[in-house]
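Colleague: give me coordinates for this.
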Amino acid sequence: MTMDILLPDGWVPPIGYSNGIAVDGGRLVFIAGQVGWDAQQRFASDQIAPQFAQALRNVLAVLAQAGGRPEHICRITAYCCDKPGYLAARKEIGPVWRALMGRHYPAMSMIFVADLLDSPGKIELEATAVVPA
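Modeller: Numbering: from 1, shown residues only. From the prediction side, this is the model:
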């Protein structure tokens, strides 16, 4: 499997994500939105950074079930219902990202929404991965 980071000529490289990724070969894995609860669907925190960490661990657990690893993720979409809270938590989220994902930055989108289904969820992550055949 090959994964190429897409950066058009003349574009400034983005920080913390890729504009696009092209992948050849492998098994597509689509991971539903994961919130910051544990395996028994219990939230340990109502804060964004700990919920982000748990949501990302949940994404990686689902991916591992398909034989995948963090570097196989091509795309993550994040939905958050607290923009000021997210902006304030960014310094805490960075180290969580590096601990779980290393220096792999897939194509990402952050969408701010009015609310999430699972309360007191504040952030939800969904992902697409390509696991080598």
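
Colleague: ok, residue 51 to residue 133 distance?
Modeller: 34 Å (CB to CB, to the nearest Å). Quick note: C-beta positions are derived from backbone N, CA and C, even for glycine.

Colleague: who has more neighbours out of these two?
Modeller: residue 51 (25 against 7; other CB atoms under 10 Å).

Colleague: can you tell me the centre-most residue of this protein?
Modeller: Central residue of the chain (CA atoms, centre = their mean): residue 76, 4.4 Å from the mean position.

Colleague: what about it, which helix or strand?
Modeller: Taking DSSP states H and E as the criterion, residue 76 maps to strand 73-80.

Colleague: and residue 34, what are its bridge partners?
Modeller: residue 125 (DSSP bridges).

Colleague: number of residues surrounding it?
Modeller: So residue 34, with other CB under 10 Å, has 21 neighbours.

Colleague: please renumber the chain so that the first residue is 283 from this point on.
Modeller: In the new count, where the first residue is 283, that last one comes out as residue 316.

Colleague: do you know how far it is from residue 323?
Modeller: Taking CB to CB, one finds residue 316 at 11 Å from residue 323.

Colleague: and if you look at residue 296?
Modeller: With CB to CB as the criterion, residue 296 and residue 323 are 34 Å apart.

Colleague: neighbour count winner among the two?
Modeller: Here residue 296 and residue 323 are compared on neighbour count by other CB under 10 Å; more neighbours surround residue 296, at 12 against 8.

Colleague: and that one, what does it touch?
Modeller: Residues in contact with residue 296 (CB atoms under 8 Å, 6 or more residues apart in numbering) are residue 387.
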